[in-house]
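**Student:** Here is my input; please provide its structure:
(chains A and B)
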Amino acid sequence: MHDSATLKVPTGKLLEVAVTYDERVTDARVTGDFFLEPPESHAALEAALEGHPTDVSRTTLVEAIQDVDATCIGFDAEHLADATLEAIR
Amino acid sequence: MTYRIIDDGTYSEPVQQALEGVLVERLDEGDLEPTLRFWYRESPAVALGRFQAYEDEVAVDYADQRDIDVVRRLTGGGAMYVEPGAVITYSLYLPREAVSADIEASYAELDQWAIDALGSIGLEVSHEPLNDITHPDGKIGGSAQLRKDDAVVHHTTMSYALDTSEMLRVLRIGEEKVSDKAIESAEKRVAVMRDYVDASREEIIAALKDTFAERFDAEPGSVPNEVIGEARTRASETFATEEWNRKL
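**Tutor:** Numbering: from 1, shown residues only, chains lettered A, B, ... in the order given. Next comes the predicted model:
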């Protein structure tokens, strides 16, 4: 299955998460007008969303995102987790 | 610390975006002085944010038909439609230690001299977090940053006299933004300087340079030819390729 969700972060930034999944998330794509330092961490951030079962908890997802060595600017791990969960469910 | 002010050179959008990478790397390696550089473009273009999805942001058929260069930037943020003579873009290349580690604070700090310069010619603008420069009637411009180990580039594009109806044909603003931002309000969200001041674009750039030079130690400079050569190479290898521009 392939689904996506768009989240308008209160700061005004837009976060879009597109996921491909069956029982688990096999592919995740994160796009939007946010900032990320270093920008190269984008791939690791997407990878952090992959491999989880579709009933993954918000806490687990937030932790996986926070484990990535990246500074998210304009959004935080909770926003990304929420957008991902909305896309999956 | 002495800054170079570079106010010359007209390049294509891919070369301009490539220059950002080359110049910030040169500074990072200690081969460039801190610099303020103004941009001059050859043709209308879209500067796409690094993490934006091409087809979400650009009216692809229209942009193709009008031969508008859509170039993915090295920096995050949102898509900007630009036209020669109708926007003012500048870049600041700064040593990392001259920039606040707090990214949100650094946007406000690095925009302040420009906001003051615009204020000096009667434009009522202010910084709006995270990265906007706004007039009471709408957004005048936005900034974006990229950080290297020992260097930061902070670039800002502001609308002087942008054709906002053309902008709405090229960009998919309103289609993509969530419900509260309908297409009618999208045009109103952009404010153009020329509606509020009589100053020409050249006069505004002169005011920016004057304020910068009053506040910081600065002298005129130019982009070394071999840096331009390197940027042209990088443009053809990356910033002019579909592989880079359409990868998201």
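
**Student:** Give me the pLDDT for the spatially most central residue of chain A.
**Tutor:** For chain A, the residue nearest the mean C-alpha position is residue A:80 (4.0 Å; C-alpha atoms, centre = their mean). Turning to residue A:80, the model gives it a pLDDT of 97.

**Student:** Next, the contact list for it, please.
**Tutor:** The contact partners of residue A:80, taken as C-beta atoms under 8 Å, 6 or more residues apart in numbering or on different chains, are A:15, A:17, A:30, A:45, A:49, A:65, A:72. Bear in mind the C-beta positions are built from the backbone N, C-alpha and C, glycine included.

**Student:** quick one: secondary structure of the fourth one?
**Tutor:** When you say that, I think you mean residue A:45. Taking DSSP: H, G, I helix; E, B strand; the rest coil as the rule, one finds residue A:45 in the helix state.

**Student:** which residue sits closest to it, ignoring its sequence neighbours?
**Tutor:** Using C-beta to C-beta, 6 or more residues apart in numbering or on different chains and skipping the chain neighbours, the partner closest in space to residue A:45 is residue A:68 (5.2 Å).

**Student:** Can you name the residues of chain A that neighbour chain B?
**Tutor:** Within reach of chain B by C-beta under 8 Å from any C-beta of the partner chain, chain A has these residues: A:6, A:8, A:11-14, A:16, A:29-39, A:42, A:71, A:73-74.

**Student:** If we use 7 Å, what do you get?
**Tutor:** By C-beta under 7 Å from any C-beta of the partner chain, the part of chain A that sits against chain B consists of A:6, A:8, A:11, A:14, A:16, A:31-37, A:39, A:42, A:73-74.

**Student:** Among those residues, which ones are in strands?
**Tutor:** A:6, A:8, A:14, A:16, A:31-32, A:35-37, A:73 (DSSP state E).

**Student:** Nearest to residue B:160, out of those residues: which one, please.
**Tutor:** Of all these, residue B:160 sits closest to residue A:35, with 24.9 Å by C-beta to C-beta.

**Student:** so residue B:4 is in which element?
**Tutor:** Assigned by DSSP states H and E, residue B:4 belongs to strand B:2-6.

**Student:** Downstream of that strand, the next helix or strand is which one?
**Tutor:** strand B:10-11.

**Student:** is any part of the next helix or strand after that next one close to chain A?
**Tutor:** Next along the chain after strand B:10-11, taking DSSP H and E as the criterion, comes helix B:13-28. No - judged by C-beta under 7 Å from any C-beta, helix B:13-28 stays clear of chain A, getting no closer than 11.0 Å.

**Student:** any idea how far chain A is from residue B:107?
**Tutor:** 9 Å (C-beta to the nearest C-beta, to the nearest Å).

**Student:** One more: residue B:222?
**Tutor:** As judged by C-beta to the nearest C-beta, residue B:222 and chain A stand 28 Å apart.

**Student:** Enumerate every residue touching that residue.
**Tutor:** By C-beta atoms under 7 Å, 6 or more residues apart in numbering or on different chains, the contact list for residue B:222 reads B:6, B:8.

**Student:** distance of the closest residue to residue B:148 other than its chain neighbours from chain A?
**Tutor:** Closest residue to residue B:148 in three dimensions, ignoring its sequence neighbours and counting by C-beta to C-beta, 6+ apart: residue B:28, at 4.1 Å. Distance from residue B:28 to chain A, counting by C-beta to the nearest C-beta: 13 Å.

**Student:** so what pLDDT did residue B:28 get?
**Tutor:** You'll see residue B:28 listed with a pLDDT of 97.

**Student:** quick one on the thing from earlier: most neighbours among the ones in strands among the residues of chain A next to chain B, which one?
**Tutor:** For these, counting by other C-beta atoms under 10 Å in any protein chain shown, the largest number of neighbours falls to residue A:32: 31 neighbours.

**Student:** Residues of chain B that sit close to chain A?
**Tutor:** By the rule C-beta under 7 Å from any C-beta, the part of chain B lying against chain A is B:49-53, B:56, B:74, B:76-78, B:103, B:130, B:147, B:177-178, B:248.

**Student:** Which helix in chain A has the most residues?
**Tutor:** What stands out as the longest helix in chain A, according to DSSP state H, is helix A:77-88.

**Student:** can you tell me which two in the residues of chain A next to chain B are farthest apart?
**Tutor:** Maximum pairwise distance among the residues of chain A next to chain B (C-beta to C-beta): 22.9 Å, between A:6 and A:37.

**Student:** What is the neighbour count of residue 22?
**Tutor:** By default, I'm working from chain A. Using other C-beta under 10 Å, residue A:22 has 8 neighbouring residues.

**Student:** um, chain B though
**Tutor:** For residue B:22, the count of nearby residues is 22 (other C-beta under 10 Å).

**Student:** and it, what pLDDT?
**Tutor:** Looking at residue B:22, its pLDDT is 98.

**Student:** Next: residue B:187.
**Tutor:** Per-residue pLDDT puts residue B:187 at 59.
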